[in-house]
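S.K.: fold the following, please.
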Amino acid sequence: MFKEIVGATILVADDSEHNREILSEFLELENYRVISAEDGEQALARLRGERVDLALLDVMMPRLTGFELCKSLKSDPETRLIPVVLVTGLSQTEDRIRGIECGADDFLNKPVVREELLARVRSLLRLKQFTDELENAETVLFSLALSIEAKDPYTHGHCDRLSKYSVALAKRLGLKEELCVALRRAGVIHDIGKLAVPEHILLKPGPLSPEEWVTMRQHPVFGERICSPLKSFRHVLPIIRHHHEKLDGSGYPDGLKGGRIPLTARILSAVDVYDALTTDRPYRKALPQEQAFGIMRDEVMLGWWDPAVVKEFKIALTNGAPAAVEHAA
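M.R.: Numbering: from 1, shown residues only. The predicted structure is shown next:
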């Protein structure tokens, strides 16, 4: 059960001073902090300049309409989670549909009824609190994952590269946006299960013993368990668990074969191998791209990696995508 949010900041944007004053009075009596804007561009500047928990936007504003402002907010990763209520005197169905298409979370009709305003505000602020907690949990997981990476100087930047490689390849393959998001997350936290692996195994300079390998091979299972409480990670969990599987069934932890391995896991496997080959390791220098793909082609012939995924990944890199992840060999 969520507690009532105290002192939440609400933006009221309306070109009518009278309307701004009425809405502000209703909200301030409930101890909300209110900031105002008299047109769409001023509202956008305020939303990007300070923390806002909810926005009440008049639809018919100069410079930027409420529709245009809402669409801009929802397309920006920095502001898209701010709940937006469109306040309107328009009653046509097509106007509501347009608002929904712009990403509006709710609507209020003019003249605004105080009780309805406060009920909708409370409901959306509870939702905002929930999404904030999910974001905080994701941030903690990412921090833990990066702490694992930081222990090994040879893996610096590995998680960031895997995220970007994976998303670029997923988009080339035409995967849905939700799976691209899952791969972005999985690129960072795919090895978070190594938190449960003792450091004397994780950082051992020489070959692992058979018993140590048994423990190491459980890290995808540990990672899935760590992340499983987050319902928003439902598409991430199979990637974490299966990114060490091989098409011939010789991978771990479940020995899956062929198409039973999720495509997203096959994508991460391929980019993970490529990144390992093209970065310095204690036992060898980074390999050039063509040599790395030569080794991967040999491993495709052994039945390890998805040949179509490897082929498309090479094409993506050859075509310059993702340029942001190119790194010195």
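
S.K.: counting contacts, what elements does the worst-scoring helix or strand of the chain on mean pLDDT pack onto?
M.R.: Taking mean pLDDT, DSSP states H and E as the measure, the chain has helix 114-150 as its least confident helix or strand, at a mean of 82. Counting contacts by 3 or more Cβ pairs under 8 Å, 6 or more residues apart in numbering; DSSP states H and E, helix 114-150 packs against helix 17-28, strand 54-58, strand 84-88, strand 106-109, helix 158-172, helix 177-189. Bear in mind the C-beta positions are built from the backbone N, C-alpha and C, glycine included.

S.K.: ok now that helix, how far from the chain's centre?
M.R.: 13 Å (Cα atoms, centre = their mean, to the nearest Å).

S.K.: list the buried residues in it.
M.R.: Going by neighbour count (16 or more other Cβ atoms under 10 Å), the buried part of helix 114-150 is 117, 120-121, 124-125, 127-129, 138, 141, 145, 148-149.

S.K.: quick one: closest of the helices and strands packed on helix 114-150 to residue 213.
M.R.: helix 158-172 (21.1 Å; Cβ to Cβ).

S.K.: just name the most buried of the helices and strands packed on helix 114-150.
M.R.: strand 54-58 (a mean of 28; mean count of other Cβ atoms under 10 Å).

S.K.: just the C-alpha atoms of that one, please, in PDB.
M.R.: Output of strand 54-58 as PDB, limited to C-alpha atoms (Å, rounded to 0.1, in the frame of the first residue of the first chain):
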ATOM      1  CA  LEU A  54       2.700  15.600 -12.600                       C
ATOM      2  CA  ALA A  55       1.700  18.100 -15.300                       C
ATOM      3  CA  LEU A  56      -1.800  19.600 -15.900                       C
ATOM      4  CA  LEU A  57      -1.700  21.000 -19.500                       C
ATOM      5  CA  ASP A  58      -4.400  23.100 -21.100                       C
END
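
S.K.: measure stretch 215-230 end to end?
M.R.: 25 Å (Cα to Cα, to the nearest Å).

S.K.: what lies in contact with that stretch?
M.R.: 134, 137-138, 141, 189-198, 201-202, 208, 233, 236-237, 240-244, 252-253 (Cβ atoms under 8 Å, 6 or more residues apart in numbering).

S.K.: so which of these sit within helices?
M.R.: With helices taken from DSSP state H, the overlap with those comprises 134, 137-138, 141, 189, 201-202, 237, 240-242.

S.K.: quick one: which of the residues you listed is nearest to residue 173?
M.R.: Closest approach between the ones in helices among the contacts of stretch 215-230 and residue 173, by Cβ to Cβ: residue 242, at 17.0 Å.

S.K.: the closest residue to the closest one other than its chain neighbours sits in which helix or strand?
M.R.: In space, and not counting its chain neighbours, residue 242 is closest to residue 265: 3.8 Å by Cβ to Cβ, 6 or more residues apart in numbering. Residue 265 is part of helix 263-277 when elements are defined by DSSP states H and E.

S.K.: on contacts alone, who are the packing partners of that helix?
M.R.: Short answer (3+ Cβ pairs under 8 Å, 6+ apart): helix 263-277 packs on helix 158-172, helix 177-189, helix 237-242, helix 289-301, helix 307-318.

S.K.: from residue 305, how far off is residue 245?
M.R.: For residue 245, the distance to residue 305 equals 10 Å [Cβ to Cβ, to the nearest Å].

S.K.: so what's the residue nearest to the spatial centre of the chain up against?
M.R.: Centroid-nearest residue in the chain, with Cα atoms, centre = their mean: residue 181, separated by 4.9 Å. For residue 181, the contact set (Cβ under 8 Å, 6+ apart) comprises residue 235.

S.K.: need the pLDDT of it.
M.R.: For residue 181, the pLDDT comes out at 92.

S.K.: would you mind measuring from it to residue 238?
M.R.: Distance from residue 181 to residue 238, by Cβ to Cβ: 14 Å.

S.K.: just residue 191 next, same as before
M.R.: Residue 191 is 15 Å from residue 238, by Cβ to Cβ.

S.K.: higher neighbour count, these two?
M.R.: Per other Cβ atoms under 10 Å, whichever of residue 191 and residue 238 has more neighbours is residue 191, with 25 against 17.
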